[in-house]
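A.B. asks: Need coordinates for the following:
(chains A and B)
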Amino acid sequence: MKQLETQIAQAISTALLDTFQHTLPADQINLQPTRKEFAGTFTFVTFPLTKALGKGPEQIGQALGEALAQQAPEVAGFNVVKGFLNIEIKDTVWLQQFADQVSGLGADLSKTGPKQKVVVEYSSPNTNKPLHLGHLRNNFLGYSVAEILKAAGHDVVKANLVNDRGIHICKSMIAYEKFGQGETPQSAGIKGDHLVGKYYVAFDKAYKQEIDQLVAQGMDKEQAKKQAPLMLETQEMLQKWEQHDPETIALWEKMNGWVYEGFHETYRNIGVDFDKFYYESGTYLLGKDRVEEGLERGVFFRKEDGSVWIDLTEEGLDEKLVLRADGTSVYITQDLGTAELKYQDFHYDQSVYVVADEQNYHFQVLKAILKKLGKPYANGIYHLSYGMVDLPSGKMKSREGTVVDADELVQEMIDTARQKTDELGKIEGFTPEEAQTLYHTLAMGALKYFLLKVDPKKRMLFNPEESIEFHGNTGPFIQYTHARIAAIQRKAADLSIASDAAAFEGVTNLHETEREVLVLLNYADTTIADAAKNYAPSIIAQYAFDMAKAYNRFYTEVPIFQEPNAKKLSFRIALSAQVAKTIKHSMSLLGIAVPERM
RNA sequence: GGUCUCAUAGCUCAGCUGGAUAGAGCAACUGCCUUCUAAGCAGUAGGUCUUUGGUUCGAAUCCAAAUGGGAUCACCA
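C.D. replies: You can find the predicted model right below:
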């Protein structure tokens, strides 16, 4: 597609020179898609030229159109509406492009694209509670962006930095020690991550009670939060952990082990994967070298109390602490360390962090510090910031029990998929296993598409009451289109209809709906490149939807198998196959599978 | 209070570096299944693109301000 656009732009440039003696390089000529209500594929806007040429916009359009129709072999015709020159492309050009595509003559973007080493860090869960809806957005985004970058030619590493230590883990541990009575995931029949999450909640409940009690005794609330016995015990436990107290470490390993089992089950179920796991317990001490380095270079400075800071006021940020007075690390120190570690491991060109937008400031600081330290990888840091998922009741709050649990949500989606499928009664002959697989495919398709079709940066609303639709702009709609085509292909195979490029050579004109599909097919690569550049799965989602819509229009308007002309019939089979392939590929970039039947 | 960010149809969202009468889906209403899967297609209705200024031949898009959401400004992570 890019190529065709370039050709047209070149032709316009030439025509401008010939007709008006005006120089405008082709790469400065912008074509936009023609609006549906007019004939044509590309539109050139002539308003900007009126001053330079001293002519009216229609006049310019008319003259350019005539020149193009005569000289550009791709152009079938044109029309001028006010300052808009609408250019129609010959059907044979579309057909030739399509034939090349079917024959695999086009370049494979994943091999020819700009190859960079990219680390995509995503998921990065805390090990004190199970995954919820917000994590799903993160996981789907991270997975999808990684796949898109791969498809665009990059060499991608999916990384997961597990937050496996710290005060929050100790809370679960304390609560388990106190109330657990030796309960295990097996004995309780609960997934490990959920069991640990249960104790995290139990901690919070008991903690609140203690605070209330202290306040009732006349203590200040802030004071009570610090003085509550549970909190003191938790802090003590954290210290023991840092001193490698064997008993504490054993409990920590046991409970984290449960959580990992639970997480891995969820990851498998939602279809995300990782090439590299980092654990914070192994990285939290990193970064101190960077502090030393910064002090030597004079980028950091030490205050009287011994704490170390960086002044980022020039960057429009504040002064930021990088090392506490007692010499221990803070969050940013760790991240300085892990950035370096990742660079040592992979020598990345880009390091993408899929992290919620509440940490925008943190990543600005991180990047600014690395720049000041003169790190070669600083410019490759990219914070893929995404908005929160809101519920109709407002923000999700784990303490208030208003979170939507990931495992439960997935199960509900599967149930919904089963119910809707059974209502339609189209899958007779499926084995129970096949049916189960289909429910899962549809459920994940609906859920992932729902979360990915929205621009990552934007906050989004999730309404669990209405659940997720299976009609309209949804994953299942696109999956359905694929299943429809699969049925066509089965029938074509039964009838032994050829669909290679030679089989439809000689077809010269297209139905309007066929042309629309062909135009879209030609945008496949530029769409992927665009999505990669913008780290935006939503662009792929939109493309897959447009494709499915265009195909369905074709499907209802053009009865494929009633076509008497063998070449045209072959063309339509080939067209369908190519659409199926493109849909399947696009959806795979979103982490969504497509069924052969549904 | 400082900084950042968002505001488009009743609802959920698209609208790329400024271009034609601002688009989808859901919800509402009308049609279309003697079969290539109706989880579909076609159509109707629904908008002062939060407001006010500015730049421009031309603004939902760029700039400024206002209003209203959200995030952040921890020796938490």
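A.B. asks: SS state for whichever residue of the stretch 401-550 of chain A sits closest to RNA strand B?
C.D. replies: Minimum separation of the stretch 401-550 of chain A from RNA strand B (Cβ to the nearest atom of the strand) falls at residue A:472, amounting to 2.0 Å. Using the backbone N, CA and C atoms, a C-beta is placed for each residue, glycine as well. Here residue A:472 takes the coil state, with states given by DSSP: H, G, I helix; E, B strand; the rest coil.
A.B. asks: quick one: the most centrally placed residue in chain A from residue A:160, how far?
C.D. replies: Of all residues in chain A, the one closest to the mean position by Cα atoms, centre = their mean is residue A:141, 3.1 Å from it. Plainly put, residue A:141 is 13 Å away from residue A:160 if you go by Cβ to Cβ, to the nearest Å.
A.B. asks: what do the two both touch?
C.D. replies: residue A:122 (Cβ atoms under 8 Å, 6 or more residues apart in numbering).
A.B. asks: What values do phi and psi take at residue A:470?
C.D. replies: With angles defined as degrees, to the nearest 10, residue A:470 sits at phi -120, psi 0.
A.B. asks: Would you confirm that residue A:464 contacts residue A:408?
C.D. replies: No: using Cβ atoms under 8 Å as the test, residue A:464 is too far from residue A:408 to be in contact (9.7 Å).
A.B. asks: low-confidence ranges in the stretch 301-450 of chain A?
C.D. replies: Where the stretch 301-450 of chain A drops to pLDDT under 70, the residues are A:398-401.
A.B. asks: Show me what from it comes close to RNA strand B.
C.D. replies: A:303, A:305, A:307, A:316, A:318, A:321, A:324-326, A:329-331, A:334, A:357-362, A:388, A:395, A:417, A:420-421, A:424, A:426-427, A:442 (Cβ under 7 Å from any atom of the strand).
A.B. asks: show me the contacts for residue A:438.
C.D. replies: Contacts of residue A:438 were listed using Cβ under 8 Å, 6+ apart, and they are A:417, A:421, A:427, A:430, A:595, A:597-598.
A.B. asks: So which of those residues are in helices?
C.D. replies: Among the contacts of residue A:438, the members found in helices (DSSP state H) are A:417, A:421.
A.B. asks: Which pair of the contacts of residue A:438 spans the longest distance?
C.D. replies: A:417 and A:597 (14.1 Å; Cβ to Cβ).
A.B. asks: Who has more neighbours out of the two?
C.D. replies: residue A:417 (24 against 15; other Cβ atoms under 10 Å).
A.B. asks: Can you pull up the residues of the stretch 51-200 of chain A that come close to RNA strand B?
C.D. replies: For the stretch 51-200 of chain A, the contact set with RNA strand B under Cβ under 7 Å from any atom of the strand comprises A:81-84, A:86, A:126, A:163, A:166-167.
A.B. asks: Write the PyMOL selection for whichever of those are buried.
C.D. replies: A single PyMOL command selects the buried members of these (16 or more other Cβ atoms under 10 Å):
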select buried, chain A and resi 81+83+84+86+126+163+166
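A.B. asks: Just give me the least confident of the residues of the stretch 51-200 of chain A next to RNA strand B.
C.D. replies: Comparing pLDDT over those, the lowest score belongs to residue A:82 (87).
A.B. asks: if I read this right, that one contacts residue A:60, doesn't it?
C.D. replies: No: in this structure residue A:82 lies outside contact range of residue A:60 using Cβ under 8 Å: 11.2 Å.
A.B. asks: residues in contact with the residue nearest to the centre of chain A?
C.D. replies: Applying Cβ under 8 Å, 6+ apart, the residues contacting residue A:141 are A:122, A:354, A:384, A:386, A:451-452, A:456, A:537.
A.B. asks: before we move on, the earlier item: measure how buried the residue of the stretch 401-550 of chain A closest to RNA strand B is and give me the count.
C.D. replies: 8.
A.B. asks: before we move on, what about residue A:217?
C.D. replies: Counted with other Cβ under 10 Å, residue A:217 comes out at 8.
A.B. asks: Got the confidence number for it?
C.D. replies: Residue A:217 is given a pLDDT of 91.
A.B. asks: try residue A:207
C.D. replies: Per-residue confidence (pLDDT) for residue A:207: 93.
A.B. asks: Cheers, nothing more for now.
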